[in-house]
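A.B. asks: next one to model:
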Amino acid sequence: MRWDVFAWAAFALLLFAAEALAPGAFMLWLGFAAAAVFLVVLLVPVQIPVLAQAAAFVLLGFASIQVYRKWFRGRERESDQPALNRRSAALVGRVVSLERAIVDGRGRVQIADAYWEVTGPELPEGAAVRIVGGDAMTLQVEQA
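C.D. replies: Numbering: from 1, shown residues only. Prediction:
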């Protein structure tokens with residue numbers, strides 16, 4: 001067996017293993033490109049220069065990543081809970097009472113066991129407010 005055939009097979013397997021260890025779909029497509037070069041080098045009876053093999057890998061790698069970006073990347077499933085890891089977005093629409101009055105545009109509410117800073121119009125303590133938006137740990141509210 002020629003060394004270049006063995007090298008492309010090992011390189012393709014190495015890229016597939018790297019994808020298995022750190023999934024992200026990038027190494028997978030480069031592995032497909034290396035496997036394609038392996039098949040070409042294996043099946044073509046004449047010796048292909050190493051520079052031409054490397055150029056073929058680069059071109060096939062670029063093409064395979066473009067295939068992924070165009071046809072597979074946009075087809076990921078939509079989440080049934082898009083605000084799952086964005087707590088402030090998940091609270092939008094809830095009506096709660098102010099724990100601390102809004103003075104100079106800032107106040108505080110308690111939701112379950114967490115205290116949230118709020119911004120909104122001047123309102124007294126205990127007033128009902130509706131959460132209309134959020135940014136990190138600060139919620140935007142309006143009078144309910």
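A.B. asks: how far away from the center of its chain is stretch 40-56?
C.D. replies: Distance of stretch 40-56 from its chain centroid, counting by Cα atoms, centre = their mean, to the nearest Å, is 36 Å.
A.B. asks: can you give me the helices in the chain?
C.D. replies: 3-21, 26-43, 50-67, 87-90 (DSSP state H).
A.B. asks: in stretch 15-23, what's buried?
C.D. replies: Residues of stretch 15-23 classed as buried: 15-16, 18-19 (neighbour count, 16 or more other Cβ atoms under 10 Å). All C-beta spots, glycine's among them, are computed from the backbone N, C-alpha and C.
A.B. asks: could you do stretch 128-144 as well?
C.D. replies: Quick answer for stretch 128-144 (16+ other Cβ under 10 Å): 129, 131, 134, 139-141.
A.B. asks: hang on, the earlier thing: hey, which of the helices of the chain is tucked in deepest?
C.D. replies: Greatest average neighbour count among the helices of the chain goes to helix 26-43 (a mean of 19), per mean count of other Cβ atoms under 10 Å.
A.B. asks: can you show me the CA trace of the helix or strand bottoming out on mean pLDDT in the chain as CSV?
C.D. replies: Ranked by mean pLDDT, DSSP states H and E, the weakest helix or strand in the chain is helix 87-90, scoring a mean of 80. C-alpha atoms of helix 87-90 as CSV (Å, rounded to 0.1, in the frame of the first residue of the first chain):
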residue,chain,number,x,y,z
ARG,A,87,-35.0,33.9,32.3
SER,A,88,-35.8,37.5,31.8
ALA,A,89,-37.5,36.8,28.4
ALA,A,90,-39.5,33.9,30.0
